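[1] I would like the atomic coordinates for the input below:
(one chain, ligands or ions: 1)
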Amino acid sequence: MSLLAIENLVVRHGLLQAVRGVSFAIERGETLALVGANGAGKTTLLRAIAGAHQPTAGRVLLDGADITGVPSHKRVGMGVALVPEGRKLFVQMTVEENLLLGKTAGRPGDWSVERVLDTFPNLKPRRHAKTGHLSGGEQQATAIGRALMSNPELLLLDEVSLGLSPLVVDRVYASLQGLISSGTTIILVEQDLNRALSVSDKVICMLEGRVALEGSSKGVSRDEVTKAYFGLHRKSAGSVPA
Ligand code: ATP
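    Predicted coordinates:
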């Protein structure tokens, strides 16, 4: 059974349909890259999976159970953790205090402050620093670490490279690679196509709220994904939900 299945999901912002009937599934241990132009609906979809935004139609299934109406804080307890765009840290609190907030979901598991600091070594000397004083890369590592502290089954990462220098992005991704190798299931919104394709098993390209292309990251070319980005790609039968 798929860890997560999305069925005909529709999510609105007022009158605007930001997600228009999206369906896909992700298996345990897979990494799915969600790409698409600005405004394609990626963040809205991720927030609907996390329970931060209630869909108007469709279903979200976690391990086969319908969680569509479950609020976000309860989803964290069920193993769904979101690292939101812009990190949303408590800037007056230290790295360690922010990390410990991830524990409040009370899920059992191996993640601890020590393990997060081992995963993101750049945070070690900053453990007792207020997060408002950290660099962008350190803040991003703290935000990912806080999500990991809830021992998630499914980690949702929204544009983790946004605003970071290429060198720092490399560092964040090197740490993510470790998570991916250890079998964490990840859905990742990423603007950098090359990076998205290289770290993921599957890719979905969204266009105007719909799935324009879905496929294996090894099986699609950068050119195909770029075309889907701009609406020039024909959906391939069988790989894309109708
Ligand atoms: P980006 O890469 O720019 O973050 P995205 O693919 O994540 O884009 P969304 O942020 O999900 O796209 O936005 C999808 C659509 O919903 C866009 O048309 C956007 O303007 C609109 N939208 C997003 N958030 C809101 C909001 N809070 N209120 C109204 N409209 C919104």
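
[2] Averaging pLDDT per element, find the lowest-scoring helix or strand in this structure.
    Each helix and strand of the chain was given a mean pLDDT (mean pLDDT, DSSP states H and E); the minimum falls on helix 166-181 at a mean of 82.

[3] how distant is that one from the center of its chain?
    A distance of 14 Å separates the centroid of the chain from that of helix 166-181, by C-alpha atoms, centre = their mean, to the nearest Å.

[4] Show me where this protein has its helices.
    For the chain, applying DSSP state H gives helices covering 42-50, 72-78, 95-101, 113-119, 136-148, 166-181, 193-199, 222-229.

[5] Kindly reformat those helices as a markdown table containing distance to the ligand and mean neighbour count.
    (Each C-beta comes from the backbone N, C-alpha and C, glycine too.) Conversion of the helices of the chain to a markdown table gives the following (distance: least, C-beta to the nearest ligand atom, whole Å; neighbours: other C-beta atoms under 10 Å):
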| stretch | distance to the ligand | mean neighbour count |
| --- | --- | --- |
| helix 42-50 | 3 | 24 |
| helix 72-78 | 15 | 16 |
| helix 95-101 | 23 | 20 |
| helix 113-119 | 26 | 17 |
| helix 136-148 | 16 | 24 |
| helix 166-181 | 16 | 16 |
| helix 193-199 | 12 | 17 |
| helix 222-229 | 11 | 17 |
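
[6] weakest of those by average pLDDT?
    Mean pLDDT values for the helices of the chain show the minimum at helix 166-181, a mean of 82.

[7] quick check: angle from it to helix 136-148?
    In terms of direction (axes from the mean of the first three to the mean of the last three C-alpha atoms, to 10 degrees), helix 166-181 departs from helix 136-148 by 20 degrees.

[8] Which neighbouring elements make contact with helix 166-181?
    With contacts defined as 3 or more C-beta pairs under 8 Å, 6 or more residues apart in numbering; DSSP states H and E, the packing partners of helix 166-181 are helix 113-119, helix 136-148, strand 185-189, helix 193-199.

[9] average model confidence for the third one?
    Per-residue pLDDT values over strand 185-189 give a mean of 95.

[10] what lines up beside that strand in the sheet?
    strand 31-36 (parallel), strand 154-158 (parallel) (DSSP bridges).

[11] residue contacts, residue 122?
    Residue 122 sits next to 137, 138, 141, 171 when contact means C-beta atoms under 8 Å, 6 or more residues apart in numbering.

[12] Pull the most distant pair out of the residues you listed.
    For these, the maximum inter-member distance is 10.0 Å, found between 138 and 171 (C-beta to C-beta).

[13] what is the mean pLDDT for stretch 128-135?
    Average pLDDT, stretch 128-135: 91.

[14] buried stuff in it?
    Neighbour-count burial for stretch 128-135 flags 130, 131, 134 (criterion: 16 or more other C-beta atoms under 10 Å).

[15] Contact partners for the closest residue to residue 164 other than its chain neighbours?
    Leaving aside its chain neighbours, residue 164 sits nearest to residue 136 (5.0 Å; criterion: C-beta to C-beta, 6 or more residues apart in numbering). By C-beta under 8 Å, 6+ apart, the contact list for residue 136 reads 163, 164, 165, 168.

[16] right, and out of those, which lies closest to the ligand?
    residue 163 (12.6 Å; C-beta to the nearest ligand atom).

[17] Any idea how many residues pack against residue 23?
    The tally of other residues near residue 23 (other C-beta atoms under 10 Å) stands at 16.
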